[in-house]
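Chemist: Sequence and predicted structure are below.
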Amino acid sequence: MEEHEIVIGLEVHAELLTESKMFCGCSTKFGSAPNTQICPVCAGLPGTLPVINGKAVELALKAAIALKCRPASFSRFARKHYFYPDLPKNFQISQFEEPLAEGGYLSIEGRTIRIKRIHMEEDAGKLLHSEDEGSFSSVDLNRSCVPLIEIVTEPDIRSSFEAEKFLASIKRILEYLEVSDCNMEEGSLRCDANISVRKKGDEAFGVKTEIKNMNSFKAVRKALDYEARRQISQLKKGEKLRQETRLWNDGLQITEGMRSKEEAHDYRYFPEPDLVPFTVDSSWTERITAMVGELPVQRKERFIKDYSLSDYDAEVLTAGKDTADYFEKCAAGYPNPKLLANWIMGDIAALLKSHKTDICDSPVGPESLVRIASMIEEGKITGSIVKKALQESFDTGIAPEKIIAEKNLAQIHNEDRINAVIKETVEENPKAVQDYKNGKEQAVSFLIGQIMRKTSGQANPAILKKNLLEYLKEIK
Ligand SMILES: [Zn+2]
């Protein structure tokens, strides 16, 4: 039995989805040429004055309310001082003693993870290091002053698995509320972790380390697993742990010491004198609460109840807001939600992926899907025709029901036409017929497959099977 318990707290940074930066009007667009989205304020020139972006505060409040935090009645920005080349002011405008919101929680896997606080701050720029020896580094300040929220948990997480689940859940909520695009590759969602171990049953916490530089969910899990193992093995050897900051090295799959507590920064926080403190009054809180509305977990429960979907189907369909909206638009016009779910999660999801298209831009709109689902039910088209029509729709952008109509892809019910193909196929495949006569049932499936191919999948399956079996019976 494992004698140690792992204790983890997370600090999640999410860039807010504003058009402009936290304290100036510069664009926040990702990927532009270096230093094309800067001004004297975000470049940190002396004598400039920051102005709070109201939209950023609103998005941060949305996140806070969704995570059950209490918005502060008095909130203030603070200067956090440190020298770093990508931070031209030599301080970052953040929040310290008066954060935007405190005291929330998020339940994952039946456990409650308390959220200590959510505060706002500005992002720093980015250093670009040239690969060549003897070469120079340059700085890109486009990201400088992009609004961020930092979500800090209490040390309530007990495994790397829980940490990953928590992060995934935060990502889903922030994406749902359009608070952040949470693109980890572009750095919109980042996470640091504090981790310590203690003997099971102990009250006191062990010596913690802070892990940085984890750029994916997988990296978070692996880094925490590695660090827990490292700490436990050190303790077992009777060695003392050092309180330090460690970096995850994804190439070597290890954590490496970066700086110890003795070298840690004293940030000399003080209230930002250039910005007025602000209050979040009850009417503002009420307005934002109404904007937050239904969260993914609640929507999933409703999908299970209202549409009789399985837990799995409801989970997949509510993973993204756009997919959930799409499904609900379809379900409003069609009585069999399970069938819709199968098409959305199956063929449509695969086509969206292969065509790198968002569901909102799908050539197969909700009306189209409802139309073709009804045609399947009415026996006018087969599943294989729909597959073809969907593929062609994604290739050409033409609605699938139009493709079916124009190409005359509807099912063949005409028995004379079907019987003619049955006769032809049977004559071409004497061996399969012999096999069937010898009791090999699967020979029928083979013949059906051949006939379907000849009719481009359009033969009505029920008529085809019935008539084929009759025909085979008559053959001596
Ligand atoms: Zn600017």
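Modeler: Ah, there it is.
Chemist: so residue 84 is in which element?
Modeler: Following DSSP states H and E, there is no helix or strand that holds residue 84.
Chemist: I figured it hits residue 139, correct?
Modeler: No - shown here, residue 84 and residue 139 do not form a contact pair, counting by C-beta atoms under 8 Å, at 9.9 Å. The C-beta positions use only the backbone N, C-alpha and C, and glycine is treated the same way.
Chemist: which ones are touching the closest residue to the ion within the stretch 101-250 of the chain?
Modeler: Nearest to the ion in the stretch 101-250 of the chain, going by C-beta to the ion, is residue 145, at a distance of 5.8 Å. Applying C-beta atoms under 8 Å, 6 or more residues apart in numbering, we find residue 145 in contact with 21-24, 26, 41-42, 122-123.
Chemist: same thing but 6 Å
Modeler: Residue 145 makes contacts with 21-23, 42, 122, as judged by C-beta atoms under 6 Å, 6 or more residues apart in numbering.
Chemist: which among the residues you listed are in contact with the ion?
Modeler: The overlap between these and the neighbours of the ion (C-beta under 5 Å from the ion) comes to residue 42.
Chemist: Dump the contacts of residue 145 to JSON lines, plus pLDDT.
Modeler: Below are the contacts of residue 145 laid out as JSON lines (pLDDT from 0 to 100):
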{"residue": "21", "pLDDT": "98"}
{"residue": "22", "pLDDT": "97"}
{"residue": "23", "pLDDT": "97"}
{"residue": "42", "pLDDT": "95"}
{"residue": "122", "pLDDT": "97"}
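Chemist: residues in contact with the host helix or strand of residue 290?
Modeler: Applying DSSP H and E as the criterion places residue 290 in helix 282-292. Helix 282-292 is contacted from outside by 61-62, 65-66, 71, using C-beta under 6 Å, 6+ apart.
Chemist: Give me the subset of those lying in helices.
Modeler: 61-62, 65-66 (DSSP state H).
Chemist: pLDDT below threshold where in the stretch 1-150 of the chain?
Modeler: By pLDDT under 70, the low-scoring segments of the stretch 1-150 of the chain are 1.
Chemist: So which residues on it come close to the ion?
Modeler: Residues of the stretch 1-150 of the chain lying near the ion (C-beta under 5 Å from the ion): 24, 26, 39, 41-42.
Chemist: Which residue would be the closest one in the stretch 301-450 of the chain to the ion?
Modeler: Closest to the ion within the stretch 301-450 of the chain is residue 358: 29.6 Å, counting by C-beta to the ion.
Chemist: ok, now how distant is that residue from residue 235?
Modeler: Residue 358 sits 49 Å away from residue 235, going by C-beta to C-beta, to the nearest Å.
Chemist: Likewise for residue 400?
Modeler: 62 Å.
Chemist: ok, now residue 59?
Modeler: Applying C-beta to C-beta to residue 59 and residue 235 gives a distance of 42 Å.
Chemist: ditto for residue 444
Modeler: Separation of residue 444 from residue 235 (C-beta to C-beta) stands at 67 Å.
Chemist: neighbour-wise, which of residue 84 and residue 139 wins?
Modeler: residue 139 (17 against 12; other C-beta atoms under 10 Å).
Chemist: Contact partners for the more buried one?
Modeler: Here residue 139 is in contact with 85-86, 125, 127 (C-beta under 6 Å, 6+ apart).
Chemist: where do the helices sit along the stretch 351-476 of the chain?
Modeler: 366-377, 383-396, 400-406, 415-428, 430-437, 442-454, 461-474 (DSSP state H, counting those that start in this stretch).
Chemist: ok, now the stretch 201-350 of the chain?
Modeler: Under DSSP H, counting those that start in this stretch, the stretch 201-350 of the chain gives helices at 217-236, 282-292, 296-307, 311-317, 321-332, 337-343, 349-354.
Chemist: Could you dump these into TSV with mean neighbour count, distance to the ion and mean pLDDT added?
Modeler: Converted to TSV, these look like this (neighbours: other C-beta atoms under 10 Å; distance: least, C-beta to the ion, whole Å; pLDDT from 0 to 100):
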stretch	mean neighbour count	distance to the ion	mean pLDDT
helix 217-236	18	31	96
helix 282-292	14	26	93
helix 296-307	16	34	94
helix 311-317	18	40	95
helix 321-332	18	30	94
helix 337-343	18	46	94
helix 349-354	14	36	95
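Chemist: is it possible to export those helices to a markdown table including distance to residue 154?
Modeler: Putting these into a markdown table (distance: least, C-beta to C-beta, whole Å) gives the following:
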| stretch | distance to residue 154 |
| --- | --- |
| helix 217-236 | 17 |
| helix 282-292 | 22 |
| helix 296-307 | 20 |
| helix 311-317 | 27 |
| helix 321-332 | 28 |
| helix 337-343 | 37 |
| helix 349-354 | 37 |
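Chemist: Which one of the ones you listed lies nearest to residue 179?
Modeler: Counting by C-beta to C-beta, residue 179 lies closest to helix 282-292 out of these; the figure is 9.7 Å.
Chemist: how distant is that closest one from the center of its chain?
Modeler: Distance of helix 282-292 from its chain centroid, counting by C-alpha atoms, centre = their mean, to the nearest Å, is 25 Å.
Chemist: same deal with stretch 253-263?
Modeler: Worked out by C-alpha atoms, centre = their mean, stretch 253-263 lies 30 Å from the chain centre.
Chemist: cool, and stretch 162-178?
Modeler: Counting by C-alpha atoms, centre = their mean, stretch 162-178 is centred 7 Å from the centre of its parent chain.
Chemist: List the buried residues of it.
Modeler: Buried residues in stretch 162-178, counted by 16 or more other C-beta atoms under 10 Å: 162-167, 169-177.
Chemist: Can I get that stretch as PDB, trimmed to CA atoms?
Modeler: The C-alpha trace of stretch 162-178 is given here as PDB (Å, rounded to 0.1, in the frame of the first residue of the first chain):
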ATOM      1  CA  GLU A 162      -7.100  15.000 -10.600                       C
ATOM      2  CA  ALA A 163      -4.900  17.900 -11.600                       C
ATOM      3  CA  GLU A 164      -5.400  17.100 -15.200                       C
ATOM      4  CA  LYS A 165      -9.200  16.700 -14.700                       C
ATOM      5  CA  PHE A 166      -9.300  20.100 -12.900                       C
ATOM      6  CA  LEU A 167      -7.400  21.800 -15.700                       C
ATOM      7  CA  ALA A 168      -9.600  20.200 -18.400                       C
ATOM      8  CA  SER A 169     -12.700  21.300 -16.500                       C
ATOM      9  CA  ILE A 170     -11.500  24.900 -16.100                       C
ATOM     10  CA  LYS A 171     -10.600  24.900 -19.800                       C
ATOM     11  CA  ARG A 172     -14.100  23.800 -20.700                       C
ATOM     12  CA  ILE A 173     -15.800  26.400 -18.500                       C
ATOM     13  CA  LEU A 174     -13.600  29.300 -19.800                       C
ATOM     14  CA  GLU A 175     -14.100  28.200 -23.400                       C
ATOM     15  CA  TYR A 176     -17.900  27.800 -22.800                       C
ATOM     16  CA  LEU A 177     -18.200  31.300 -21.400                       C
ATOM     17  CA  GLU A 178     -16.000  32.700 -24.100                       C
END
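Chemist: quick revisit: looking at the helices of the stretch 201-350 of the chain, which is nearest to residue 77?
Modeler: Nearest of the helices of the stretch 201-350 of the chain to residue 77, taken as C-beta to C-beta: helix 282-292 at 17.6 Å.
Chemist: what pLDDT, on average, does stretch 452-467 get?
Modeler: Averaging pLDDT along stretch 452-467 gives 86.
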